[in-house]
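1. Requesting a structural model of the entry that follows:
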Amino acid sequence: MSRAPLVIVALVAWTSLALFGGWTACVRRPELRTVSPDGERVAFVRSSFAIDPPAQSLWIGDAEGGEAVRVARLAEDQEWCDEIFWSPDGQRVGFLITGLRVQVYDAESSRLIDEQILVEADGYPGSLEARLVSFTPDGKGLRFRECHRTLETCSEERRLPLASPA
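-> Okay, the predicted model is just below:
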């Protein structure tokens, strides 16, 4: 008796499990997750099933596992979240998107309060990206390094004021 039918059945079962089982796990499991400095809030990224990923959304919620609010859905197959960072006082949270721009949200209201382009794209996704993004110690601006995507070379630290400082 040939083993071909058994191999085909096993392959179909494995593929189904990987697609549908992985989809369920992927939707429920955050990819990036950070807790605010005071431990009260959490910011995270969720992925959804997509034929051509990524398909991510940005969330802010209660660190104790209470309600979470989706603050943004990123463009499928075009955008992803690289980093999440909190202001020193925990009142604002920033998401670095595709290594190029930052969205800053008020942690209490989950309202978008600022959006900044850190690095200009020279194509898709571009040869440069921002890394090590954080709020300045006084919380009135952002600091980051502009780096080559494929090399380890980065610029000196850059600073950019927020349009809506605290």
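2. what's in contact with stretch 150-166?
-> Residues outside stretch 150-166 that contact it (CB atoms under 8 Å, 6 or more residues apart in numbering): 87, 89, 91-92, 104, 113-114, 116, 118, 127, 131, 136, 139-148. (Each C-beta comes from the backbone N, C-alpha and C, glycine too.)
3. Show the buried residues in these.
-> 87, 91-92, 104, 113-114, 116, 118, 131, 136, 139, 142, 144-147 (16 or more other CB atoms under 10 Å).
4. what's the most distant pair in those?
-> Using CB to CB, these span at most 28.1 Å, a distance reached by Gln91 and Cys147.
5. re the thing from before, lowest-confidence one in the buried ones among the contacts of stretch 150-166?
-> Lowest-confidence member of these: Gly139, scoring 90 (pLDDT).
6. hang on, isn't that one packed against Gly90?
-> No. Assessed by CB atoms under 8 Å, Gly139 is found out of contact with Gly90, at 10.1 Å.
7. where in this structure is pLDDT low?
-> Within the chain, the stretches with pLDDT under 70 are 1-30, 165-166.
8. which residue ranges form the helices in it?
-> For the chain, the helices defined by DSSP state H cover 4-16, 22-28.
9. for the residue most central in space within the chain, what are its contacts?
-> Geometric centre of the chain, nearest residue: Cys81, 2.4 Å, by CA atoms, centre = their mean. Applying CB under 8 Å, 6+ apart to Cys81 gives the contacts Glu31, Leu32, Val45, Gln56, Leu58, Leu74, Phe95, Leu96, Ile97.
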